[in-house]
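A.B. asks: let's see this in three dimensions:
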Amino acid sequence: MTNLLDELVYVDLTDARETSTILAWITDDDELTSLITESQWLIDTYIGSFWEKEVETQTFIFPTVDDWIPEEISIATVRITEQLYLQGKSIWAISWTKIISESNLSRSVNFSDKESFSGYVKTIWIPKKALNILDKYRNDFIWQVI
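C.D. replies: Below you'll find the model as predicted:
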């Protein structure tokens, strides 16, 4: 039986391995498929929505009617997959406790509450180079129906 949660859409196994020397180390197809799928969920959670889906009932945001799957989304998927692999964690393993300060010997750092905690959690495993790509597709506009 196949894992129904693992659906490769944004990048396939071959392209992921050829694009990344880090992902080329993963010889287990099931493990890489799982990491890529998790990356796709992270991308969709961060972006929220983007234009009209190609098929109304599809699970992921892409492909869309006009843009299909932009190459940048595939690249961001590879970058996030690398991050997940290197950290050896799943998005479900996030600690939901808010960190307000850290200290090390004689140094201490306090964090501001100005940054949204949910925003931090959404981006915790998205590397900056992927965030720069995804920000182009992110839509913070909220539709209002009267």
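
A.B. asks: can you map out the strands along the chain?
C.D. replies: Listed in chain order, the strands of the chain (DSSP state E) span residues 101-104, 107-110.

A.B. asks: low-confidence bits of the protein, can you list those?
C.D. replies: Within the chain, the segments meeting pLDDT under 70 span 1-5, 89-102, 105, 109-124, 139-146.

A.B. asks: isn't residue 54 up against residue 68?
C.D. replies: Yes: assessed by CB atoms under 8 Å, residue 54 is found in contact with residue 68 at 7.4 Å. (C-beta placed from N, C-alpha, C; glycine too.)

A.B. asks: neighbour count: the two, which is higher?
C.D. replies: Neighbours were counted for residue 54 and for residue 68 using other CB atoms under 10 Å; residue 54 has more, 14 against 11.

A.B. asks: contacts only, for that one.
C.D. replies: 63-65, 68 (CB atoms under 8 Å, 6 or more residues apart in numbering).

A.B. asks: kindly report the same for residue 71.
C.D. replies: Contact criterion CB under 8 Å, 6+ apart gives no residues in contact with residue 71.

A.B. asks: and it, how far is that from residue 77?
C.D. replies: Taking CB to CB, to the nearest Å as the criterion, residue 71 is separated from residue 77 by 11 Å.

A.B. asks: export the helix ranked longest in the chain as CSV, just CAs?
C.D. replies: In the chain, with assignment by DSSP state H, the single longest helix is helix 29-47. What follows is helix 29-47 as a C-alpha-only set of coordinates in CSV (Å, rounded to 0.1, in the frame of the first residue of the first chain):
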residue,chain,number,x,y,z
ASP,A,29,13.2,6.8,-2.5
ASP,A,30,10.5,6.7,0.2
GLU,A,31,12.5,8.9,2.5
LEU,A,32,13.1,11.5,-0.2
THR,A,33,9.5,11.4,-1.3
SER,A,34,8.4,12.0,2.2
LEU,A,35,10.7,15.0,2.6
ILE,A,36,9.7,16.5,-0.7
THR,A,37,6.0,16.2,0.2
GLU,A,38,6.6,17.9,3.5
SER,A,39,8.4,20.7,1.7
GLN,A,40,5.4,21.1,-0.6
TRP,A,41,3.1,21.4,2.4
LEU,A,42,5.5,24.0,3.9
ILE,A,43,5.4,26.0,0.7
ASP,A,44,1.6,25.9,0.5
THR,A,45,1.2,26.9,4.1
TYR,A,46,3.5,29.9,3.6
ILE,A,47,2.0,31.1,0.3
